[in-house]
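In: With the sequence up front, the predicted model follows.
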Amino acid sequence: MSIIKKVTCHVVAAPVERPFTSSRGWLYKTRGSCIVEIETNDGIVGWGECYGPSQVARAFIETQLAPHIIGRDAFDVEVIWEYLYNRIKDYGGKGMVTSAMSGIDIALWDIIGKSVGKPIHKLIGGSFRTEVNCYATGLYFIDMNRLIEEAVEEAQGYQEEGFTAIKMKIGLGDMKLDIERVAAVRQALGDKARLMVDANHCFTVPQAIRLGRELEKLGVEWFEEPISPEDLDGYVEVTRALDMAVAGGENEFTRWGFRDIVVRKAMDIIQPDVCAAGGISECRKIATLASAHGVECVPHAWGSAIGLAATLHFLGALPDQPPSYRPFPPLLEFEQCENPFRDYLSVEPIVQNKGVVQIPTGPGLGIEINREILNKYRVA
């Protein structure tokens, strides 16, 4: 038996050379994460990651979660999930506490995979594919005097690297400028490139519908987070009004949080994050719920190599939606902002080649952690 012996949180942060912002107006000056390390009595180490403010995740784990899993069998991963969730749901079954649980869940799956010598995707049903197509997330706002020019240059750079799909930020407070910027990127990329937009929930329902109709003319594939995530009725309105797909859900948590979204088809595409929504265990349930209601599942990914690897295993185990002779398999989000934890935390980095990423085949997550990066960027 692999008995949980020790849980350690590594809070890391690194400065961003070129700070960037989205429609929310928050300037990203650093990249960071809470990395979870779980060690068992037989010497196996599993790694997980928590999405969101790192110090908060660490506080939840160290005070509320870790003390209750020491001495338990790591193979009881879903038993542990249910136990922890039922302990905390009286004072918050969403937000950072679920993100903290996600890091633990991913680490336990890593342990199980290493214990039996199998990659995680083999443990959650097998992989429908050996590789996934990915899209580059970028085109934030950096130089406010060159918003259109910098977007075009950045998009062309991704296309030259081999990306065939790109997601760009919108929400500049001027819809004409948003449309002009998207149109310039579309023209630069050509008609064959897949182009998506992300508003980070900055519009009202009428604004989102009006802007969405213009974006449809530009061949935009999906409109991500057009309005506030709390406004489910508003999402129903926007989704019904537009022919293009509406996406969201990166800031939703657990199967219960996604239940009404998929039952009401408030979004065409849901985007749970394995490092936030409850880990691999819970995201499997969320994806099944979505499949039963004909809603696509394209997970959100924004973090280190650990979160990226976990997302790849989750994606590998997702069936085509819907199955067909020439299917449209789910995409991997491959964010392109400065992030040493994505690029260097794994000894062998996860890379894309012409817009394609291989699903790891090694035991567990299939990556080896570079502890020198943890030590270099550790926050006291």
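Out: Arrived safely, thanks for sending.

In: mind checking which helix or strand the nearest residue to Met96 once chain neighbours are set aside is in?
Out: Here the nearest residue to Met96 in space, its sequence neighbours aside, is Val56; by C-beta to C-beta, 6 or more residues apart in numbering that works out to 4.7 Å. Just so you know, the C-beta spots here come from the backbone N, C-alpha and C atoms, and that holds for glycine as well. Under the criterion of DSSP states H and E, Val56 resides in helix 54-60.

In: Packing partners of that helix?
Out: For helix 54-60, the elements it packs on are strand 4-20, strand 28-40, helix 96-116, judged by 3 or more C-beta pairs under 8 Å, 6 or more residues apart in numbering; DSSP states H and E.

In: Residues in contact with it: which ones?
Out: Applying C-beta atoms under 8 Å, 6 or more residues apart in numbering, the external contacts of helix 54-60 come out as 9, 11-13, 32-34, 50, 96-97, 99-100, 103, 379.

In: cool, stretch 174-188 as well?
Out: With contacts defined as C-beta under 8 Å, 6+ apart, stretch 174-188 is touched by 139, 147-148, 151-152, 155-156, 166, 168, 170-172, 195, 197, 207, 210-211, 214-215, 218-220.

In: thinking again about what came up before, Throw the helices and strands packed on helix 54-60 into CSV and include mean neighbour count and mean pLDDT, thanks.
Out: Below are the helices and strands packed on helix 54-60 laid out as CSV (neighbours: other C-beta atoms under 10 Å; pLDDT from 0 to 100):
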stretch, mean neighbour count, mean pLDDT
strand 4-20, 16, 97
strand 28-40, 22, 97
helix 96-116, 27, 98
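
In: Pipe the ones you listed into TSV and attach distance to Asp90 per row.
Out: TSV is the format used below for the helices and strands packed on helix 54-60 (distance: least, C-beta to C-beta, whole Å):
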stretch	distance to Asp90
strand 4-20	22
strand 28-40	23
helix 96-116	11
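
In: Between those, which one is closest to Thr130.
Out: Among the helices and strands packed on helix 54-60, helix 96-116 comes nearest to Thr130, with 16.8 Å by C-beta to C-beta.

In: Output the closest one as PDB, nothing but the C-alphas.
Out: Presented in PDB, the C-alpha positions along helix 96-116 are these (Å, rounded to 0.1, in the frame of the first residue of the first chain):
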ATOM      1  CA  MET A  96      -9.700  28.400  -3.600                       C
ATOM      2  CA  VAL A  97     -10.500  25.500  -1.400                       C
ATOM      3  CA  THR A  98     -11.500  23.500  -4.500                       C
ATOM      4  CA  SER A  99      -8.300  24.600  -6.200                       C
ATOM      5  CA  ALA A 100      -6.400  23.400  -3.200                       C
ATOM      6  CA  MET A 101      -8.200  20.000  -3.400                       C
ATOM      7  CA  SER A 102      -7.300  19.900  -7.100                       C
ATOM      8  CA  GLY A 103      -3.600  20.000  -6.400                       C
ATOM      9  CA  ILE A 104      -3.900  17.100  -4.000                       C
ATOM     10  CA  ASP A 105      -6.000  15.100  -6.400                       C
ATOM     11  CA  ILE A 106      -3.500  15.500  -9.200                       C
ATOM     12  CA  ALA A 107      -0.600  14.500  -7.000                       C
ATOM     13  CA  LEU A 108      -2.500  11.300  -5.900                       C
ATOM     14  CA  TRP A 109      -3.100  10.300  -9.500                       C
ATOM     15  CA  ASP A 110       0.600  10.800 -10.100                       C
ATOM     16  CA  ILE A 111       1.400   8.500  -7.200                       C
ATOM     17  CA  ILE A 112      -1.000   5.800  -8.400                       C
ATOM     18  CA  GLY A 113       0.500   5.900 -11.900                       C
ATOM     19  CA  LYS A 114       4.000   5.700 -10.700                       C
ATOM     20  CA  SER A 115       3.000   2.800  -8.300                       C
ATOM     21  CA  VAL A 116       1.700   0.700 -11.200                       C
END
